[in-house]
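Trainee: from the sequence below, what's the structure:
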Amino acid sequence: MGKQAPTEQALFERLQRQLIPQGQQLHRCRLDSRVLPTLGRYYVTEPGINAVVATDINLASWLEGMA
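Mentor: Next up, the predicted model:
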């Protein structure tokens, strides 16, 4: 039996754990939000500077880039 692909929630939590030490937070935009077209489904903020630092991110791609 092969490995199962990680769920979207597992990828979200994994990336969130990697961003916290960098002072950043991962957010999931609600599907009915008016800012969804601007921010995308997932986006990263940096609370220290009160700014969105990345928009419309792909969870799997970000995790590969951080490894």
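Trainee: please, where are all the helices along the protein?
Mentor: For the chain, applying DSSP state H gives helices covering 8-19, 36-39, 59-66.
Trainee: of those, which approaches Arg28 most closely?
Mentor: helix 8-19 (6.6 Å; CB to CB). Heads up, the C-betas are built off the backbone N, CA and C, glycines and all.
Trainee: hmm, who's touching that closest one?
Mentor: Residues outside helix 8-19 that contact it (CB atoms under 8 Å, 6 or more residues apart in numbering): 6, 25-26, 28, 42, 44, 59-60, 62-63, 66.
Trainee: including mean pLDDT, distance to Val53 and mean neighbour count, could the helices of the chain go into JSON lines?
Mentor: Listed next are those as JSON lines, based on pLDDT from 0 to 100; distance: least, CB to CB, whole Å; neighbours: other CB atoms under 10 Å:
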{"stretch": "helix 8-19", "mean pLDDT": "95", "distance to Val53": "10", "mean neighbour count": "15"}
{"stretch": "helix 36-39", "mean pLDDT": "96", "distance to Val53": "11", "mean neighbour count": "14"}
{"stretch": "helix 59-66", "mean pLDDT": "87", "distance to Val53": "12", "mean neighbour count": "13"}
